[in-house]
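Peer 1: Sequence and computational prediction follow.
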Amino acid sequence: MENLTTQVLDKIRKMRDLQGIKQDEMATFLGFTQQAYSKIETGESELTLQRLEQIIIKLNTTLPQLLDFNPQSIFQNIGNNKNKEVALHVYQSPNFTPSEKNLYERMIENLEKENARLAQTVEELLKK
């Protein structure tokens, strides 16, 4: 069984990933190098309350929302309803906290940007 610190660090990483925030961006916000921030996320360096507070600010969430965050429930809820558009489901789901909705909206936005980039790459490859 994971200890509480490991669980919190995992939630931070997953929330950061869902928001499309890279480690170097978080590190810059905190005033660290990417390597130093990576050590915090992996538990090699101590996660102090001051650092946790700064991370929560960057993630645009609260401590209770971070502790309650369950990315598996997001994907499970969406996976159970494959016929609806993801964005519509996010807005209609009563199981999402405002923070989870915000995270998922950011994830959708990042995926849309990636889709556009990939479509452009495919188009350029087809012209060759």
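Peer 2: Arrived safely, thanks for sending. Please read these numbers as outputs of a predicted model, since none were measured by experiment.

Peer 1: C-terminal to the lowest-mean-pLDDT helix or strand in the chain, what's the next element?
Peer 2: When the helices and strands of the chain are scored by mean pLDDT, DSSP states H and E, helix 86-92 comes last with a mean of 45. Downstream of helix 86-92, the next assigned helix or strand under DSSP states H and E is helix 98-127.

Peer 1: gap between the residue at minimal distance from the centre of the chain and residue 5?
Peer 2: Centroid check for the chain by Cα atoms, centre = their mean gives residue 18 as the closest residue, at 2.3 Å. Per Cβ to Cβ, to the nearest Å, residue 18 is found 20 Å from residue 5. Where you see a C-beta, it was placed from the backbone N, CA and C, and this is true even at glycine.

Peer 1: Residue 110 reaches residue 17, doesn't it?
Peer 2: No: look at residue 110 against residue 17 with Cβ atoms under 8 Å: they stay out of range, at 9.9 Å.

Peer 1: which stretches of this protein have low pLDDT?
Peer 2: Counting by pLDDT under 70, the ranges of the chain that qualify are 1-2, 71-96.

Peer 1: rerun that using 50 as the cut-off
Peer 2: 1, 76-93 (pLDDT under 50).

Peer 1: Would you map out the domains in it?
Peer 2: 4-67, 71-127 (automatic domain parsing).

Peer 1: So which of those is the most surrounded?
Peer 2: domain 4-67 (a mean of 15; mean count of other Cβ atoms under 10 Å).

Peer 1: how far out from the middle of the chain is that one?
Peer 2: Counting by Cα atoms, centre = their mean, to the nearest Å, domain 4-67 is centred 10 Å from the centre of its parent chain.

Peer 1: What's the end-to-end length of that domain?
Peer 2: 10 Å (Cα to Cα, to the nearest Å).
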